[in-house]
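A.B. asks: pasting the sequence and the predicted model now:
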Amino acid sequence: MTKERTYTISQLAREFEVTPRALRFYEDKGLLTPQREGMNRVYSHRDRGRLQLILRGKRVGLSLIEIKEILDLYKVDQRAQAQTALKKYKARIVALEAQREDVDAAIEVLTDSIRQLESFLSKPAAPAAIANARAFEAEAKKRLEDAH
């Protein structure tokens with residue numbers, strides 16, 4: 001019988017570009033369950049796979065509670081796990097598409113505002129506006145100097 005490949009906390013942290021603290025946090029939340037050899041954590045191939053799923057779930061915006069629910073179903077019923085994951089993934093797509101619409105609308109508003117501001121700034125300023133801007137700048141500089 002061959003011994004299963006194991007990983008130290010440093011190896012997994014380095015491989016997945018997370019901190020050891022993050023791995024300990026996932027352990028505290030019951031998402032990872034490494035074995036112990038003395039004071040050292042020893043992660044199995046299963047723990048490594050779970051970490052991949054945790055990070056993938058986080059990347060797409062699932063909560064740790066949702067991720068734990070999906071991971072815990074593996075022990076009970078893999079079909080139920082797949083159905084739960086499918087439902088949560090579809091819900092995330094709906095939420096992300098709504099966010100994309102909001103982001104696209106914000107970009108459109110900002111682009112229009114930039115166009116208007118650039119048009120305004122491309123025209124020469126009136127002498128009074130220049131004097132007001134210089135006075136404002138001098139006052140702001142004085143306040144900064146007084147603050148220090």
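C.D. replies: Structure's in. What do you need? Here the structure is a predicted model, which is why all the values come from computation and not from measurement.

A.B. asks: spatially central residue for this structure, please.
C.D. replies: By Cα atoms, centre = their mean, the chain has its centre lying nearest to Arg59, at 6.1 Å.

A.B. asks: pLDDT score for that one?
C.D. replies: As predicted, Arg59 sits at a pLDDT of 95.

A.B. asks: and it, how far from Gln11?
C.D. replies: Between Arg59 and Gln11 the distance is 21 Å, computed by Cβ to Cβ, to the nearest Å. To be clear about C-beta, it is placed using only N, CA and C from the backbone, and glycine gets the same treatment.

A.B. asks: repeat for Arg41
C.D. replies: When Cβ to Cβ is the yardstick, Arg41 and Gln11 sit 11 Å from each other.

A.B. asks: repeat for Val76
C.D. replies: Distance check for Val76 against Gln11: by Cβ to Cβ, it reads 30 Å.

A.B. asks: surely Val18 is in contact with Leu55?
C.D. replies: Yes: distance between Val18 and Leu55: 7.2 Å, which falls inside the contact criterion (Cβ atoms under 8 Å).

A.B. asks: give me the domain ranges for the protein.
C.D. replies: 1-62, 77-148 (automatic domain parsing).

A.B. asks: TSV for these, including distance to Ile70?
C.D. replies: Putting the domains of the chain into TSV (distance: least, Cβ to Cβ, whole Å) gives the following:
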stretch	distance to Ile70
domain 1-62	7
domain 77-148	5
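
A.B. asks: pick the most deeply packed of the ones you listed.
C.D. replies: Relative to the other members of the domains of the chain, domain 1-62 carries the highest mean neighbour count by mean count of other Cβ atoms under 10 Å, namely a mean of 14.

A.B. asks: gap between that domain and the chain center?
C.D. replies: Taking Cα atoms, centre = their mean, to the nearest Å, the mean C-alpha location of domain 1-62 is offset from the chain mean by 19 Å.

A.B. asks: same deal with stretch 89-109?
C.D. replies: Relative to where its chain is centred, stretch 89-109 has its mean C-alpha point 16 Å off (Cα atoms, centre = their mean).

A.B. asks: is Gly61 part of a helix or strand, or is it coil?
C.D. replies: Secondary structure, DSSP: H, G, I helix; E, B strand; the rest coil: Gly61 is coil.
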